[in-house]
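Chemist: sequence first, predicted coordinates after that:
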4 protein chains.
Amino acid sequence: MITSRHAQRVIAAAETQAAALGVCVNIAVLDATAHLVAFLRMDGAVLGSIDVAIKKAKTAALFQTASHAVWDYCKPGAPAPALEHSNGGLAPFAGGIPLRGEHGALEGAVGISGGTVAQDLAIAEAAAAALLG
Amino acid sequence: MITSRHAQRVIAAAETQAAALGVCVNIAVLDATAHLVAFLRMDGAVLGSIDVAIKKAKTAALFQTASHAVWDYCKPGAPAPALEHSNGGLAPFAGGIPLRGEHGALEGAVGISGGTVAQDLAIAEAAAAALLG
Amino acid sequence: MITSRHAQRVIAAAETQAAALGVCVNIAVLDATAHLVAFLRMDGAVLGSIDVAIKKAKTAALFQTASHAVWDYCKPGAPAPALEHSNGGLAPFAGGIPLRGEHGALEGAVGISGGTVAQDLAIAEAAAAALLG
Amino acid sequence: MITSRHAQRVIAAAETQAAALGVCVNIAVLDATAHLVAFLRMDGAVLGSIDVAIKKAKTAALFQTASHAVWDYCKPGAPAPALEHSNGGLAPFAGGIPLRGEHGALEGAVGISGGTVAQDLAIAEAAAAALLG
């Protein structure tokens, strides 16, 4: 399971990547059982994305996959309509990434919200990479 | 941050514009952090739009943009499906407008509901303009 | 039923009384069916009392009595324990008052929160009196 | 309003004090309007106190006082029974402290949970002091 130190390292990496992209985001790190470990709202990040960052990480942790991959199951025509309303509400779009340790074991998830979804995803990927860095 | 006097001015302007259009609406004014400052239900406005007016203003405050602009992110085919279910439920359609002060700083948001969405938006815009009037 | 004009009169009277007492309060006016008609947060009123003001008025409207009178039914040893958790949560303490018209008919309720409960009650009573003024 | 850097300083001070006391706690920093700024769960802190830490900080921010001071209003025999159920649930016991800037202005609140309430309070006070350090 992810430690508090590793969670802070993930947050620092997310902040660095967000700054490089010129955006202000909310950064949430959850453990593999979807409980909050660490969070940071960068100065200027919109308030509405606090909840979204946490929900993206929750989506990734609960289903052990990228948050946007969950949309493949519940989008129109897919076999699991309304899945996004389970678990108190998911955020099935880009920006939530599982955090995996050295041998691929799930340690937690990071969720990013505040930029475009492409920016959020890029920041989440940089943050997730920092866990092993 | 918006004062109670300015919030009442926004409400009065909304009421005037609604009367000019011949509709009865609910009018909600929130501060920039989405806490309620002032509210008025015009006589005859439908009860169902009390919550909608507040949620439109909340949507505009939390994302610092017009409520209907949020729909561009979560409408079918857009990159953030189910965003509208975040933050206890958004109202991503026309009628919520950020309230900005003299130098563009966010002071709060106004939400209008009870007319057509086009009427609600026109009323919200007249109300927002009154903040600087 | 209370009109928007009468609700604004109630709010103005509450504001005047609060200023005379030197406190900043939240003021909620609901109709007799417990739906919001008007609201004002005075500058400086604590955010925690927004919800309390609305719940006091709700308590008074739903049970057609002063909010603190409801406590007589649910206080320790009274016959209706947990009544305060009904209806999405009541606020069974002083500051919510039914608003009654000329012949005693229930028109709505006012809820005040932000001062001491004694101040809140005094402000609510002044506000309720203004309905007939 | 508190910045992300100051929030991280508050968290670091809380962590240092908790380590000195030999306890593992959850640490939540909210801004003055009760929106989350930063959070850290120390390794070994119980999961049940994640929500409690956030609610203690929320209680302190919304009512601009120590979380345990709210209990004076709603404890048995006090004038505001059930106040603790307002605002989605308060945590009216020790461990939540307002964060005030140089001239006493409210910048936010810190909430600590995981130790005894006496430990939580001592940690919150050390954390709050660090804001000005």
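Modeler: Good, I have the coordinates.

Chemist: C-alpha only now, for contacts and for neighbours.
Modeler: OK.

Chemist: how about the residues of chain A by chain D?
Modeler: With CA under 8 Å from any CA of the partner chain as the criterion, chain A comes near chain D at residues A:3-4, A:35-43, A:47, A:50.

Chemist: of all the residues you listed, which comes closest to B:Glu125?
Modeler: Distance to B:Glu125 across these (CA to CA) is lowest for A:Leu47, with 22.6 Å.

Chemist: okay, and the nearest residue in space to that closest one that is not next to it in sequence sits in which element?
Modeler: Nearest residue to A:Leu47, sequence neighbours excluded (CA to CA, 6 or more residues apart in numbering or on different chains): B:Leu62, at 5.1 Å. Here B:Leu62, judged by DSSP states H and E, is contained in helix B:48-63.

Chemist: touching the helix or strand that that helix is followed by from outside, list them.
Modeler: Where DSSP H and E defines the elements, the next helix or strand beyond helix B:48-63 is helix B:67-74. Outside helix B:67-74, the residues that touch it by CA atoms under 8 Å, 6 or more residues apart in numbering or on different chains are B:56-57, B:59-60, B:63, B:78-84, B:91-97.

Chemist: quick one: distance of the helix ranked longest in chain A to the chain centre.
Modeler: Taking DSSP state H as the criterion, chain A has its longest helix at helix A:4-21. Its chain's C-alpha centre and that of helix A:4-21 lie 12 Å apart, by CA atoms, centre = their mean, to the nearest Å.

Chemist: and the next helix or strand along the chain from it, anywhere near chain B?
Modeler: As assigned by DSSP H and E, the chain's next helix or strand after helix A:4-21 is strand A:26-31. No - for strand A:26-31 and chain B, the contact criterion (CA under 8 Å from any CA) is not met; the two come no nearer than 12.8 Å.

Chemist: what mean pLDDT does strand A:26-31 have?
Modeler: Here strand A:26-31 scores 98 as its mean pLDDT.

Chemist: by contact count, what packs against the very next helix or strand once past that strand?
Modeler: Downstream of strand A:26-31, the first helix or strand assigned by DSSP H and E is strand A:36-41. Under the contact criterion of 3 or more CA pairs under 8 Å, 6 or more residues apart in numbering or on different chains; DSSP states H and E, strand A:36-41 touches helix A:4-21, strand A:26-31, strand D:36-41.

Chemist: contacting residues around the second one?
Modeler: Residues outside strand A:26-31 that contact it (CA under 8 Å, 6+ apart) are A:1-2, A:7, A:10-11, A:14, A:36-42, A:45, A:49-50, A:53-54, A:57-58, A:61, A:107-114.

Chemist: one more: the longest one?
Modeler: Applying CA under 8 Å, 6+ apart, the external contacts of helix A:4-21 come out as A:24-25, A:27-29, A:37-40, A:42, A:110, A:119, A:123-124, A:126-128, A:130-131, D:40-43.

Chemist: between it and strand D:36-41, how many degrees?
Modeler: Relative orientation of helix A:4-21 and strand D:36-41, computed by axes from the mean of the first three to the mean of the last three CA atoms, to 10 degrees: 150 degrees.

Chemist: the second one now?
Modeler: Put simply, strand A:26-31 runs at 20 degrees to strand D:36-41, going by the same axes, to 10 degrees.

Chemist: give the pairing partners of the longest strand seen in chain A; include direction for each.
Modeler: Secondary structure assigned by DSSP state E gives strand A:106-113 as the longest strand of chain A. The strands beside strand A:106-113 in its sheet (DSSP bridges) come out as strand A:26-31 (antiparallel), strand A:96-100 (antiparallel).

Chemist: which helices and strands does whichever helix or strand comes after it pack with?
Modeler: Downstream of strand A:106-113, the next assigned helix or strand under DSSP H and E is helix A:117-130. Counting contacts by 3+ CA pairs under 8 Å, 6+ apart, helix A:117-130 packs against helix A:4-21, strand A:96-100, strand A:106-113.

Chemist: mean pLDDT and mean neighbour count for those - can I get that in JSON lines?
Modeler: Listed next are the helices and strands packed on helix A:117-130 as JSON lines, based on pLDDT from 0 to 100; neighbours: other CA atoms under 10 Å in any protein chain shown:
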{"stretch": "helix A:4-21", "mean pLDDT": "98", "mean neighbour count": "20"}
{"stretch": "strand A:96-100", "mean pLDDT": "98", "mean neighbour count": "30"}
{"stretch": "strand A:106-113", "mean pLDDT": "98", "mean neighbour count": "31"}
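
Chemist: how about chain A: which residue is closest to chain C?
Modeler: Across chain A, no residue is closer to chain C than A:Leu47, which sits at 16.6 Å (CA to the nearest CA).

Chemist: what are the phi and psi values for that residue?
Modeler: Phi and psi for A:Leu47, reported as degrees, to the nearest 10, are phi -60, psi -30.

Chemist: that one contacts D:His35, doesn't it?
Modeler: Yes - taking contacts as CA atoms under 8 Å, A:Leu47 lies within contact range of D:His35: 7.4 Å.

Chemist: residue nearest the middle of chain A, spatially speaking?
Modeler: Nearest to the geometric centre of chain A sits A:Gly111, at 1.7 Å (CA atoms, centre = their mean).

Chemist: return the residues in contact with it.
Modeler: A:26-29, A:52-58, A:95-97, A:124.

Chemist: any idea which of those residues is closest to chain B?
Modeler: A:Val52 (6.4 Å).

Chemist: checking the spatially most distant residue from the centre of chain A next. Helix, strand or coil?
Modeler: Residue farthest from the centre of chain A, counting by CA atoms, centre = their mean, is A:Gly77 at 25.6 Å. State at A:Gly77, reduced to three classes by DSSP: H, G, I helix; E, B strand; the rest coil: coil.

Chemist: sweet, I'm off.
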